[in-house]
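1. show me how the following folds:
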Amino acid sequence: MYCELIDNISINNEIFRLDFVWPVQAQTGFTAPKAGQFFMVKPKRSAVFLGRPISVALWKSSAVTFLIARRGRGTLELADMRPGEEAELIGPLGNAWGDFLPKFTRDSGKPIALIGGGAGLAPLLAFLGEGPPYRLVLHAGFRTGFASTEEKNVLLEPAFPVAEKIIIATEDGTEGHRGLIPDFLETEQYAAVCACGPEPMLKAVVAKCKIANVPCIVSMERRMACGVGSCLGCTIKTTGGNRRCCADGPLFNAEEVILDE
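-> Sure, this is the predicted structure:
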């Protein structure tokens with residue numbers, strides 16, 4: 001479906017935010033996205049053949065929001081879009097955090113840790129935006145500190161009224177803790193961990209969760225072509241064999257994912 005761009009906000013040199021019209025109406029096929037799901041997004045005026053898989057960062061008031069990292073030709077085209085232009089949005093696709101958490105957190109008074117870095121915060125912010133019935137602590141990692149209060153507010157807005165605590169780490173120490181989020185993660189304090197970000201970060205988080213015997217759900221990232229499981233181009237290795245990141249994920253129980261290869 002082609003949807004109109006409402007706003008394009010450059011948050012910093014790496015990340016930008018796009019807001020598209022997404023009116024949920026059964027008769028038109030617009031479905032309300034769930035936190036953890038993604039869309040295949042492609043500008044109407046585009047020189048690339050395939051859309052890019054982008055996680056939902058927020059959905060409310062008939063609009064869907066994405067946080068996107070500038071990484072290649074496809075995302076640079078998205079960064080160049082202007083309000084009023086249209087993009088093809090195919091979705092929502094994939095599974096959601098809510099598909100996992102009830103069985104992991106039953107009868108536990110401990111909070112859930114949400115762990116993400118940079119644009120990897122998007123599906124976690126979407127979960128916070130849903131106002132789920134859990135105690136939530138957000139761990140957010142960045143390369144450097146925020147250039148302004150406005151940048152911080154745009155990136156973390158959904159977390160402020162919902163998360164009982166926000167823990168920030170920066171690699172250069174200009175905001176919050178100096179270092180990487182896994183360095184400060186005390187997994188035994190949590191009923192479960194939800195993580196999204198670079199694979200080295202996921203490996204470190206999963207390793208700490210295994211030691212503490214804490215359930216962990218990871219959002220996996222792979223290059224995607226179709227987004228619906230037909231092309232088999234985004235497979236990941238699991239203990240049960242190869243699985244499709246788009247159709248079987250992008251969220252997986254970390255116990256099943258093979259991250260070491």
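
2. any regions of this protein where pLDDT drops low?
-> Under the criterion of pLDDT under 70, the regions of the chain flagged as low confidence span 26-28, 47, 103-108, 226-227, 229, 260-261.

3. what are the boundaries of the helices in it?
-> Counting by DSSP state H, residue ranges of the helices within the chain are 73-79, 101-105, 122-129, 149-156, 199-212.

4. which residue is nearest the middle of the protein?
-> With distances taken as C-alpha atoms, centre = their mean, the chain has residue 123 as the residue nearest its mean C-alpha position (2.8 Å).

5. pretty sure it contacts residue 56?
-> Yes: in terms of C-beta atoms under 8 Å, residue 123 counts as a neighbour of residue 56; the distance is 6.8 Å. For every residue, glycine as well, the C-beta is placed using N, CA and C.

6. and for these two, which residues touch both?
-> With contacts defined as C-beta atoms under 8 Å, 6 or more residues apart in numbering, the residues shared by residue 123 and residue 56 are 35-38.

7. which one of the helices of the chain is the most hemmed in?
-> Looking across the helices of the chain with neighbours counted as mean count of other C-beta atoms under 10 Å, the highest average goes to helix 122-129: a mean of 26.

8. quick check: angle from that one to helix 149-156?
-> For helix 122-129 and helix 149-156, the angle between their directions (axes from the mean of the first three to the mean of the last three C-alpha atoms, to 10 degrees) works out to 80 degrees.

9. pull up the distance across stretch 69-88, start to finish.
-> Start-to-end span of stretch 69-88 (C-alpha to C-alpha, to the nearest Å) is 19 Å.

10. what's in contact with it?
-> Contacts to stretch 69-88, defined as C-beta under 8 Å, 6+ apart, come from residues 1-8, 10, 13-16, 18, 20, 40-48, 50-52, 54, 68, 118-119.

11. alright, calling it a day.
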